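Q: From the sequence below, what's the structure:
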Amino acid sequence: AVRLFRLAVDQGNGDALCNLGRCYKNGTGVDQSYTEAVRLYCLADAQGDATAQCHLGVCYQTGTGVVQNLAEAVRLWRLAANQGFAQAQQNLARLARLHPTSQ
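A: Numbers count the residues shown, from 1 in each chain. The predicted structure is shown next:
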């Protein structure tokens, strides 16, 4: 799968960027690298990919591959939620319940 994602990335496919990022985050078919996962999520985010925005938000929430930054997580989740991405909407709702002043 990684080889196919790389081919699709070379053709500018944003979904493939996000999928390849997930491979690096989880160490699926490649050596695990949070830094590479974040880099790929950022490239997909620049294309407006809601899935990547949501995953990147989680990275910022947890400090995985980046310096933890809850404000950035919220910003990214809002971008994804505004595109109708359900997981980002759920992340924002969960955060509002846990930290009412963070929104």
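
Q: which residues of the protein fall in helices?
A: Using DSSP state H, the helices of the chain run over residues 2-10, 14-26, 34-46, 50-62, 70-82, 86-98.

Q: any idea which of those helices is most buried?
A: Neighbour counts (mean count of other Cβ atoms under 10 Å) averaged over each of these peak at helix 50-62, with a mean of 23. Heads up, the C-betas are built off the backbone N, CA and C, glycines and all.

Q: Other residues contacting that helix?
A: 14-15, 17-18, 21-22, 25, 34, 37-38, 40-45, 64-66, 68-70, 72-77, 79-80, 83-85, 87-88, 91 (Cβ atoms under 8 Å, 6 or more residues apart in numbering).

Q: likewise stretch 23-35?
A: Ala1, Val2, Phe5, Arg22, Glu36, Ala37, Leu40, His55, Cys59, Thr64, Gly65.

Q: surely the last one meets Val38?
A: Yes - counting by Cβ atoms under 8 Å, Gly65 touches Val38, with 4.0 Å between them.

Q: now the angle between helix 34-46 and the lowest-mean-pLDDT helix or strand in the chain, please.
A: Counting by mean pLDDT, DSSP states H and E, the weakest-scoring helix or strand in the chain turns out to be helix 2-10, with a mean of 91. Using axes from the mean of the first three to the mean of the last three Cα atoms, to 10 degrees, the direction of helix 2-10 lies 40 degrees away from that of helix 34-46.

Q: contact partners of helix 2-10?
A: Asp15, Ala16, Leu17, Asn19, Leu20, Cys23, Thr28, Gly29, Val30, Leu40.
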